[in-house]
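Fold the following.
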Amino acid sequence: MHFDRLTLPLPVNNDNKMILKKKTIYLFFIILAASTVVNKVYAEGDEGDGYLHNLQYSPRYFGPNAFPMPELRSGSLGTRWEAEVRGEYHEFEGDRTKDIYARLFVPVAEGRAGLEINYVIYEYYNMTRETVEERHAAGTHWDHGAHGDIIVSSFYRLLKSEKWADIMLEATLKTASGNRLADARYTDAAAYWFNVNIGRNLYKRPDNKLHLRIQGLAGFYCWMTNEIVHRQNDAFIYAAGISGAFKNLTLDADVAGIYGYKNNGDRPLQLRTKLNYEYGKSIFSFRYKHGMKDALYDTFSVGYIRCF
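Below is the predicted model of the structure:
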């Protein structure tokens, strides 16, 4: 009997998991590269001469994906790989935007650290003439759509304590890979942010099937602008919320914002809600974001996450 236990096919399962993870990485980067190439082909005329110097580099005067806000992560990191695809719809009276978003999360050292890459693969928008004039954009839409910036995030666990709190550090770089600057969709300029993410249980049942948790973050957000003198905008980022879970359901609600020092449309605020249902290794995600102050858009999204 002891010999039989030793011959269980565990190595085969581990090899299959590794192969699946490698295929996921390859597929993600193939989609990313193909999307970038296709959009570069259709990017002719993106400079929009005569418009660029009038653009206002702040969240109020750009598309809904140009200045992403950091996610609340409750101070902790998962130990599973996650591959996500999500469809999003953003609206306010001056713009209707649809996009496809992709994300890959890779845990490191059993959840002590992590790496994440996310990207808006395709974005289609249709602005009113009033919005075009307010933003000094070149046109109301682009027939071939737009693509977003590649965003790379790293996470480091600082503290894990049931008694006190879970604390995590995030460092993120937003590249300048997005297009349609002429239509004020993406900034064609780099940005970065750092924040400390914290979470603590208010209540947790011994069987882990029910818990209530508070969470928050605070940090620094910086992005490049088109101004000659003040080449960057430095901002404070913040968020606070609550998370509850019952069996396979998780519900999050929080308020998040950016507070720029220029006060030129750089102080967006969002009320964010997220409902996740986990079934096996699959997670079905539903989100709603309500924009306030300089965040003009309301966002509805449906996503699918596969865990490995």
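
pretty sure Ser76 is touching Ala165, no?
No. With contact defined as Cβ atoms under 8 Å, Ser76 does not count as touching Ala165 (9.9 Å). Quick note: C-beta positions are derived from backbone N, CA and C, even for glycine.

What sits closest to Ser76 if chain neighbours are left out?
For Ser76, ignoring the flanking residues on the chain, the nearest one in space by Cβ to Cβ, 6 or more residues apart in numbering is Asp166 at 4.5 Å.

can you list residues touching both of Ser76 and Ala165?
Taking Cβ atoms under 8 Å, 6 or more residues apart in numbering as the contact definition, Ser76 and Ala165 share the neighbouring residues Gly199.

thinking again about what came up before, residue contacts, the residue nearest to Ser76?
Contacts of Asp166 by Cβ under 8 Å, 6+ apart are Ser74, Gly75, Ser76, Arg157, Leu159, Lys160, Ile198, Gly199, Arg200.

Nearest to His147 among those?
Taking Cβ to Cβ as the measure, His147 lies nearest Ser74 of the contacts of Asp166, at 30.5 Å.

Is Thr131 located within a helix, as I assumed?
Yes. Counting by DSSP: H, G, I helix; E, B strand; the rest coil, Thr131 is located in a helix.

my read: it touches Glu91, true?
No. Counting by Cβ under 8 Å, Thr131 stays clear of Glu91, with 11.9 Å between them.

neighbour-wise, which of those two wins?
Thr131 (19 against 16; other Cβ atoms under 10 Å).

what's near enough to touch the more buried one?
Per Cβ under 8 Å, 6+ apart, neighbours of Thr131: Gly94, Asp95, Ala137, Thr140.

residues contacting Arg231?
Arg231 touches Met224, Thr225, counting by Cβ under 8 Å, 6+ apart.

next one: Asn248
So Asn248 contacts Tyr277, Glu278, Tyr279 (Cβ under 8 Å, 6+ apart).

switch the cut-off to 6 Å
Taking Cβ atoms under 6 Å, 6 or more residues apart in numbering, we find Asn248 in contact with Tyr277, Glu278.

The stretch 51-200 of the chain: helices as residue ranges?
Along the stretch 51-200 of the chain, counting by DSSP state H, counting those that start in this stretch, helices occupy 129-135.

In it, where is pLDDT below threshold?
Applying pLDDT under 70 to the stretch 51-200 of the chain picks out residues 51.

Many thanks, we can stop here.
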